[in-house]
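**Student:** fold the following.
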Amino acid sequence: MNTSGFERGNQKEFRIHVLPTKRFKTFAISLYAGVPLQEDTVTKVALTPFVLRRGTESYPETTEFREQLEHLYGAGFGFDVYKRGDYQIVQFRMDTINDSFVGGDEQLLDRSFAFLGEVLTRPALEKGHFRTSYVQAERETVRKQLESVVNDKMRYAAERCIEEMCKNEPYRLHPLGERQDLPGIEPDVLTDAYQSWLQQASMDLYVVGDTTLEEVENLVQKHFHVERAKAADYETHKAMLGDKEVETVVERLNVNQGKLNMGLRTSITYGDPQYAAALMYNGILGGYPHSKLFVNVREKESLAYYASSRYDGHKGIATIQSGIEIPNYEKAVTIIKQQLEEMKNGTISDLEMSQTKAMIRNLLKEMQDSAFEMIAYDFNRQLSGKERTADELLAQVEQISKENVREAAEQFRLDTIYFLRDEKGV
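**Tutor:** Numbering: from 1, shown residues only. Purely as a prediction, here's the structure:
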């Protein structure tokens with residue numbers, strides 16, 4: 001049953017999701033293209049949208065390409081590359097003003113689809129492959145972005161913790177790929193990879209605005225110049241707690257401040273009945289400024305410059321991030337473990353419960369004011385196969401008790417401790 005308000009269709013093996021509404025002055029368009037994270041394809045898939053945004057068949061020069069957005073009354077266009085669970089997702093976004101606000105006979109949704117369809121299916125080519133100059137330039141762009149992760153030690157420690165924790169799983173891969181793979185990706189190689197990606201990726205096209213499902217299906221048929229075989233659905237895998245001993249990894253680099261990260265596994269994922277309790281668990285542990293990690297590790301003990309936690313409900317993993325003085329490592333580990341035990345023991349105050357519910361409530365309600373946030377929330381449904389509206393999730397959160405959170409805490413198990421420290425010292 002569809003209770004989200006989105007109308008669903010399919011055209012050219014693109015799953016289409018349209019939310020007809022007059023609430024917004026713009027059309028919000030998002031295209032999600034997802035493929036399994038794989039070592040031999042991850043870098044080529046990541047590089048593809050960088051090259052696609054350089055030019056199309058009709059507008060092969062990047063300046064012409066950008067001018068087209070100005071002709072669409074300054075439409076916004078961009079993309080992201082990230083991972084959700086064991087999938088690598090490329091997301092294209094367009095934000096175009098509604099025709100009725102510009103006067104005349106403009107058909108801006110049609111022209112936006114003409115633009116997006118050409119970006120996706122008719123890129124600028126030379127001799128049958130991507131332009132060499134574009135591929136070379138964008139390889140350097142991706143290389144610099146990957147290098148920036150290494151230079152930002154907070155992000156680097158977070159990535160390294162995941163790499164160590166998931167060393168035998170696709171989830172270890174960075175969504176932008178591997179720096180060492182970039183030099184070998186020549187234009188012909190990337191073009192072949194792009195064509196395979198265009199055929200095989202799971203494609204979900206979202207539109208929020210004053211339109212209809214029928215209109216969007218017709219626009220896809222008109223402007224997306226590709227014939228795709230049946231696309232694969234996203235697969236969900238049961239997350240496992242595991243029973244291995246906690247692994248500790250210490251890495252030494254030229255740093256002044258230590259980065260202490262911990263990885264936890266959980267059997268609770270987005271589609272699980274305990275998902276709302278897991279959100280509460282993460283919020284109380286380290287998701288917000290009132291959380292246990294922030295208050296006890298950072299404020300009371302003054303052990304950390306920052307201390308927080310994140311939860312990936314599509315993978316079944318939670319991570320703890322903290323920045324500490326290097327000599328405080330043992331004490332910080334001890335106090336963080338104490339917070340994990342408090343959660344399992346149900347040592348949770350009424351204030352922690354009410355503040356966390358208020359934070360989640362505000363996030364879910366604020367989401368209704370953003371078309372792209374509504375789209376992102378609904379896309380969780382595609383990834384997980386779980387139908388749950390924001391209102392339904394909010395109602396579940398409001399009903400969560402301390403005992404529910406304690407029961408969820410039992411399903412989070414410490415797996416990996418990663419510590420980035422200086423090169424000197426014992």
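**Student:** surely V397 and Y281 touch.
**Tutor:** No - at 11.5 Å, V397 does not count as touching Y281 under the criterion of C-beta atoms under 8 Å. C-beta coordinates here come from the backbone N, C-alpha and C atoms, glycine included.
**Student:** which one's more surrounded, the two?
**Tutor:** Legend: neighbour count by other C-beta atoms under 10 Å for V397 and Y281, higher for Y281 (31 against 19).
**Student:** for T96, helix, strand, or coil?
**Tutor:** Under DSSP: H, G, I helix; E, B strand; the rest coil, the three-state class of T96 is strand.
**Student:** which pLDDT value belongs to it?
**Tutor:** On pLDDT, T96 comes in at 93.
**Student:** so what's the residue lying closest to I360 once chain neighbours are set aside up against?
**Tutor:** Counting by C-beta to C-beta, 6 or more residues apart in numbering, V397 is the residue found nearest to I360 once chain neighbours are left out, at 5.2 Å. By C-beta atoms under 8 Å, 6 or more residues apart in numbering, the residues touching V397 are 276, 279-280, 357, 360-361, 364.
**Student:** one more pass at 6 Å, please.
**Tutor:** 276, 357, 360 (C-beta atoms under 6 Å, 6 or more residues apart in numbering).
**Student:** and the gap between the first one and V405?
**Tutor:** What it means is A276. A276 sits 10 Å away from V405, going by C-beta to C-beta, to the nearest Å.
**Student:** now the helices for the stretch 1-150 of the chain?
**Tutor:** Secondary structure of the stretch 1-150 of the chain (DSSP state H, counting those that start in this stretch): helices at 42-52, 62-71, 108-121, 132-151.
**Student:** buried residues, the helix or strand just after the longest one. List them.
**Tutor:** Of the helices and strands lying after helix 132-151 in sequence (DSSP states H and E), the nearest is helix 153-165. With burial defined by 16 or more other C-beta atoms under 10 Å, the residues of helix 153-165 counted as buried are 153-154, 156-165.
**Student:** wait, which of those is closest to R228?
**Tutor:** Nearest to R228 among those, counting by C-beta to C-beta, is I162 at 32.0 Å.
**Student:** R160 versus the closest residue to that closest one other than its chain neighbours, what's the distance?
**Tutor:** Spatial nearest neighbour of I162, excluding adjacent residues (C-beta to C-beta, 6+ apart): R172 at 6.3 Å. Per C-beta to C-beta, R172 is found 10 Å from R160.
**Student:** next: F77.
**Tutor:** On the measure of C-beta to C-beta, F77 and R160 end up 33 Å apart.
**Student:** on that earlier part again, pLDDT value on the residue nearest to I162, please?
**Tutor:** Taking R172 on its own, its pLDDT is 96.
**Student:** isn't it right up against E163?
**Tutor:** Yes - look at R172 against E163 with C-beta atoms under 6 Å: they come within range, at 4.8 Å.
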